[in-house]
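> Got a predicted structure here, sequence first:
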Amino acid sequence: MMQVDEDRGERVVKMSLSRLIRNDHTFLSETIDKMVLKNSKLSWYGATVLLAIARQCTENNDDVPPLIMNQKFLYHAHNWTLIDNLHRSIYPLITEAISPPNGICSSLQSLHNDILGHGWMIGYLVKAYIASTKTSTQAKCTAFINDTISAYLSAHHSDASRTAKNQIKKEIKRRIFNPSRPAAPTAPILTNNAEDLITFHRNGFNVTGNDPLNKLIFSDESRYPSHITHFGRCLARQEALEDDNDNLQVKKRLPLPMAKIGRTSLHYDKRGIYYLVHQAIRDGHQFIRPNRPELPTRERFFTNDHYIKWVRYLFNIDEVITGSKRFAIDGVGITTDGVNASVHYMTSSTDGDDEVASNQTASTDAQLTESTYDEILSSGVQSLGINSSGDDHHDEEDNEIDSVAGKLFYSHVFHFYTLFRIIAQVCLFLFIPFT
């Protein structure tokens, strides 16, 4: 079943991949499935290398470098077979992560060699990884703080009442987030361990004096490498607390996003279709349908004309993109996870005025670019398992507020209902004598 999605200016037609592929090219499903699985492995291994780098920085008491958000650095982290002697001196962190004794990827050299176009795949994976890292870093700041406070309470105040724990928690959070705010009358005197935890977080997020720790700091992208460094140290602190306390289990989050075990969607643009055709030929498949388009031996000679001809030759595009719709030649044309597919399109102007048509086309191109990156962001967030809303730090204090608000709401409803019944009875009493 086809579905048209035009939310937020994004225009795609969704359907099953089997319906999109022409009947005489069903073998493409096998090739695409192979490429999707390879893409998923690249995503997982790249995220693993970057987590190993974060772990190394934590163990060596070093800061995570700003390179962690750099596209070129992330490309080499995902594509470690291309690290030659020159790059080894530039990116020693990657070399250390993939080389013995760590060697987490030393036995996976064949991953990049048995499929064409892995460089094109990695380009989109890097964009998705950056988007996911930005989303997760901002969302996890408060969550890491809450995790360490809960762990502290479990380790040092396990016998305290729930009320006492809540008071300790509120005071610690006040001192971390806004120490200039007056303490509550019931605020307890904190222990040295609690004071150490407060200092740990305020130093980790680089706030001094009585400056507040707030969303402006959490969302400052220039601070993201520093935040990730602190996340790694939070994880190490949680692990050390478990080691020092028998039968204690605490929440442990990863400092960087980790790919889920599953399918990571491929974004086929002009380069992607070129490699798809060559991979199908390499797999031994033959294109027997008449009027096969020309296929250059080098990617740089694969023009937009070649691209649109091959898309129409391989897929039922003309049955999907109809009327004023126009297949998206620039950027992503088809997105698929090997099961379902989304065909990207733009609407063509029917106005006779060339200038108006040109302006509308430019506007549509801008919308396409935005929708393409929105989809990459959404796909990256989902494939890397990020809770982008950051709702995982909803704590008991919030529940308390919600409970009070709920009681007030139902109280108002009850009073309104009682007043309505009284008015109805008075009206009924006044009405009866006249009948």
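Done, it's in. Bear in mind that the values here come from a model prediction, so they are computed numbers and not experimental data.
> Find the least confident helix or strand in the chain, judged by mean pLDDT.
The helix or strand of the chain with the lowest confidence, counting by mean pLDDT, DSSP states H and E, is helix 354-383 at a mean of 36.
> and the next element down the chain from the lengthiest helix in the chain?
Looking across the chain with DSSP state H, the single longest helix is helix 118-156. Next in sequence after helix 118-156, counting helices and strands by DSSP states H and E, comes helix 162-177.
> list the buried ones in the longest helix of the chain?
118, 120-154, 156 (16 or more other C-beta atoms under 10 Å). Yep, even glycine has a C-beta here, placed from its N, CA and C like the rest.
> now swap in stretch 310-330 and tell me
Neighbour-count burial for stretch 310-330 [16+ other C-beta under 10 Å]: 310-317, 320-321, 325, 327-329.
> what does stretch 56-74 give?
56, 57, 58, 64, 65, 67, 68, 69, 70, 73, 74.
> Go ahead and confirm the second one touches residue 232.
Yes - counting by C-beta atoms under 8 Å, residue 57 touches residue 232, with 6.3 Å between them.
> Name the residues contacting each of these two.
By the contact definition C-beta atoms under 8 Å, 6 or more residues apart in numbering, residue 57 and residue 232 are jointly contacted by residue 64.
> Tell me where the stretch 1-150 of the chain has strands.
Along the stretch 1-150 of the chain, the segments classed as strands by DSSP state E, counting those that start in this stretch run 3-5, 12-16.
> where among these is the average confidence lowest?
Out of the strands of the stretch 1-150 of the chain, strand 3-5 stands lowest, with a mean of 51 (criterion: mean pLDDT).
> Now do the contacts for the nearest residue to residue 147 once chain neighbours are set aside.
Leaving aside its sequence neighbours, residue 147 sits nearest to residue 251 (C-beta to C-beta, 6 or more residues apart in numbering; 4.3 Å). Neighbouring residues of residue 251 by C-beta under 8 Å, 6+ apart: 147, 150, 151, 238.
> ok, residue 262 to residue 52 distance?
As for residue 262, its distance to residue 52 is 21 Å (criterion: C-beta to C-beta, to the nearest Å).
> higher neighbour count, those two?
residue 52 (19 against 12; other C-beta atoms under 10 Å).
> Distance of that one relative to residue 342?
As defined by C-beta to C-beta, residue 52 lies at a distance of 33 Å from residue 342.
> What pLDDT is listed against the closest residue to residue 218 other than its chain neighbours?
Closest residue in space to residue 218, ignoring its immediate chain neighbours: residue 141 at 4.2 Å, by C-beta to C-beta, 6+ apart. You'll see residue 141 listed with a pLDDT of 96.
> Sheet partners, orientation included, of the longest strand seen in the chain?
When the chain is parsed with DSSP state E, its longest strand is strand 340-347. Paired strands of strand 340-347, with direction, are strand 12-16 (antiparallel), strand 325-327 (antiparallel), strand 334-336 (antiparallel) (DSSP bridges).
> from the ones you listed, which stretch is densest packed?
With neighbours taken as mean count of other C-beta atoms under 10 Å, these reach their highest mean count in strand 334-336, at a mean of 24.
> that older thread, could you list which of the buried residues of stretch 310-330 belong to strands?
Checking the buried residues of stretch 310-330 against DSSP E, those in strands are 325, 327.
> follow-up on the earlier one: TSV for the buried residues of stretch 56-74, including pLDDT and distance to residue 271?
Shown next, in TSV, are the buried residues of stretch 56-74 (pLDDT from 0 to 100; distance: C-beta to C-beta, whole Å):
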residue	pLDDT	distance to residue 271
56	89	33
57	92	34
58	93	37
64	93	31
65	90	30
67	89	26
68	90	26
69	91	24
70	91	22
73	89	22
74	90	19
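> Would you mind putting those into JSON lines with distance to residue 246 alongside?
Formatted as JSON lines, the buried residues of stretch 56-74 follow (distance: C-beta to C-beta, whole Å):
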{"residue": "56", "distance to residue 246": "29"}
{"residue": "57", "distance to residue 246": "29"}
{"residue": "58", "distance to residue 246": "24"}
{"residue": "64", "distance to residue 246": "32"}
{"residue": "65", "distance to residue 246": "37"}
{"residue": "67", "distance to residue 246": "40"}
{"residue": "68", "distance to residue 246": "35"}
{"residue": "69", "distance to residue 246": "39"}
{"residue": "70", "distance to residue 246": "42"}
{"residue": "73", "distance to residue 246": "41"}
{"residue": "74", "distance to residue 246": "40"}
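> which one of the residues you listed sits closest to residue 32?
Closest approach to residue 32 among the buried residues of stretch 56-74 (C-beta to C-beta): residue 74, at 24.9 Å.
> Roughly how far does the closest one sit from residue 125?
Using C-beta to C-beta, one gets 8 Å for the distance from residue 74 to residue 125.
> do the same with residue 338
From residue 338 to residue 125 the distance is 16 Å (C-beta to C-beta).
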